[in-house]
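Enquirer: here is a sequence together with a model predicted from it:
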Amino acid sequence: MSNRNAFSRTLVAEREAFARFLGLLEAESASLIKGDIEALVQLAQVKSDQVAVLAEYARERSEFLASEGFRSDRIGMAEWLLVNGGQDGEQLSRLWHGLVHDASVARRVNEKNGVLIESRLRVNHAALNVLRSAMKQVSLYGPDGAPAFGERNRELGLA
C-alpha cells in the first residue's frame, strides 16, 4: 500500500470482512445452541479462512502505519487519523471506530461461543462416563463368548 487512498479502501474492506466474520460467529452460536454438528464443521473452515483474511488486513494496516512513521497499533492509527484525516477524516475516523467496535463485539461473541463449546463438551463427557460405567456393570457375554447374565443364569444358558 503506497498511498492514502489505497489505505482508505483497505480500511473499508477490513470493516466489510469483519462484518462477514461477525455473521459467521453468530451462525456458529446458533449451530452450537441447536447442536448442529454438521453446520459447525462447515463453519469451522470458513471461519478459519475469514480469520486469515482479517489477519492480512491487519498486517497491511500495520505496515502502512509503520511506513508513515506511526506505531502499528490503535494509538498509531488514532495519531495517523489526526495528522492525515483530511477532508474525509471524520468518515475515516467513524470507519476506524466501527472497526474497533466490531472487533470488540467479535471477541465477546467468540468468548460466548467458547463457553457454549465448553458446556457441550462437559455434557458429552458426562454422557460418555455414564455409558462407560453402564458398560462395565452390564456384561452380556463372558470372555468365552457364553452369555454372562450372572452365575446362576449362566448355567441356564449352557443347558
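Expert: That came through fine.

Enquirer: ranges for the helices of this structure?
Expert: Listed in chain order, the helices of the chain (DSSP state H) span 4-34, 37-67, 74-84, 89-137, 151-158.

Enquirer: can I get those helices in a markdown table with distance to Asp144?
Expert: Where C-beta positions appear, they are placed from N, C-alpha and C, glycine not excepted. Formatted as a markdown table, the entries for the helices of the chain read as follows, by distance: least, C-beta to C-beta, whole Å:
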| stretch | distance to Asp144 |
| --- | --- |
| helix 4-34 | 46 |
| helix 37-67 | 39 |
| helix 74-84 | 71 |
| helix 89-137 | 19 |
| helix 151-158 | 10 |
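
Enquirer: tabulate these (CSV), appending mean pLDDT.
Expert: CSV is the format used below for those (pLDDT from 0 to 100):
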stretch, mean pLDDT
helix 4-34, 94
helix 37-67, 95
helix 74-84, 92
helix 89-137, 87
helix 151-158, 51
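
Enquirer: in a markdown table: those helices, plus mean neighbour count.
Expert: As requested, the helices of the chain are exported to a markdown table (neighbours: other C-beta atoms under 10 Å):
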| stretch | mean neighbour count |
| --- | --- |
| helix 4-34 | 16 |
| helix 37-67 | 14 |
| helix 74-84 | 15 |
| helix 89-137 | 13 |
| helix 151-158 | 10 |
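
Enquirer: neighbours of Phe70, how many?
Expert: Neighbourhood size, Phe70 [other C-beta atoms under 10 Å]: 19.

Enquirer: might one say that it is in contact with Trp80?
Expert: Yes. With contact taken as C-beta atoms under 8 Å, Phe70 and Trp80 are classed as touching, separated by 4.8 Å.

Enquirer: name the nearest residue to the most centrally placed residue in the chain, sequence neighbours excluded.
Expert: Residue closest to the average C-alpha location in the chain (C-alpha atoms, centre = their mean): Asn110, at 5.4 Å. Closest residue to Asn110 in three dimensions, ignoring its sequence neighbours and counting by C-beta to C-beta, 6 or more residues apart in numbering: Leu25, at 6.0 Å.
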